[in-house]
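> fold the following for me, if possible:
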Amino acid sequence: MVEFHIDRRSGVATYLQLVHQTKQALRLGLLEPGDKLPTAREVVEATAINPNTVLKAYRELEREGLVEPRRGLGTFVRKTLGSTPPADSPLERELADWLARARAGGMDREDIAALVESTLNAQFPRGDDR
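Modelled structure (predicted):
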């Protein structure tokens, strides 16, 4: 099951943080078709956010065809995203090693994020998501 974490200082709407974290879990294989998302009550208890915010995020995920509500049962994953290698794959280990070298070289989280974003944009020009 996914555990949501809200960054109130990020400037990103709370419901979008839930949507992004769910999509990330789908890409990483942490959530798979048939898995149940936490109930709105569970998310509210863990994050101290408004229940309507959780419901808005789940509606957005449903609109995108990623989840489906089942009356009286909860919200379930319909499909996964991407083809990310499983956790603890050689690619993940290489990335972790690279990140450790970047941090040892004096880069902070924002520096690393900017470098990764810039490199992604160079590798995947607009409209080319493959």
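> neighbours of Leu66, how many?
By other C-beta atoms under 10 Å, 21 other residues sit near Leu66. No exception for glycine: its C-beta is placed from N, CA and C like everyone else's.
> test my guess that Ile112 contacts Leu99.
Yes. Assessed by C-beta atoms under 8 Å, Ile112 is found in contact with Leu99 at 6.7 Å.
> which elements pack onto the worst-scoring helix or strand of the chain on mean pLDDT?
Sorting the helices and strands of the chain by mean pLDDT, DSSP states H and E puts helix 109-123 at the bottom, at a mean of 88. Here helix 109-123 touches helix 90-104, going by 3 or more C-beta pairs under 8 Å, 6 or more residues apart in numbering; DSSP states H and E.
> what are the boundaries of the strands in this protein?
Taking DSSP state E as the test, the strands found in the chain are 67-70, 74-77.
> and the first one, what other elements does it pack with?
Spelled out, it's strand 67-70. Using 3+ C-beta pairs under 8 Å, 6+ apart, strand 67-70 sits against helix 51-63, strand 74-77.
> looking at the strands of the chain, which is closest to Arg59?
Nearest of the strands of the chain to Arg59, taken as C-beta to C-beta: strand 67-70 at 8.8 Å.
> show me what counts as buried in the closest one.
Residues of strand 67-70 classed as buried: Val67 (neighbour count, 16 or more other C-beta atoms under 10 Å).
> show me the shaky parts of the protein.
83-88, 127-130 (pLDDT under 70).
> and the closest residue to Thr80 other than its chain neighbours, how far from Leu120?
Closest residue to Thr80 apart from its sequence neighbours, by C-beta to C-beta, 6 or more residues apart in numbering: Leu26 at 5.1 Å. Here Leu26 is placed at a distance of 19 Å from Leu120 (C-beta to C-beta, to the nearest Å).
> comparing the two, which shows the higher neighbour count?
Applying other C-beta under 10 Å to Leu26 and Leu120 shows that Leu26 carries more neighbours, namely 23 against 9.
> is the more buried one in contact with Gly82, as I believe?
Yes. Counting by C-beta under 8 Å, Leu26 touches Gly82, with 7.5 Å between them.
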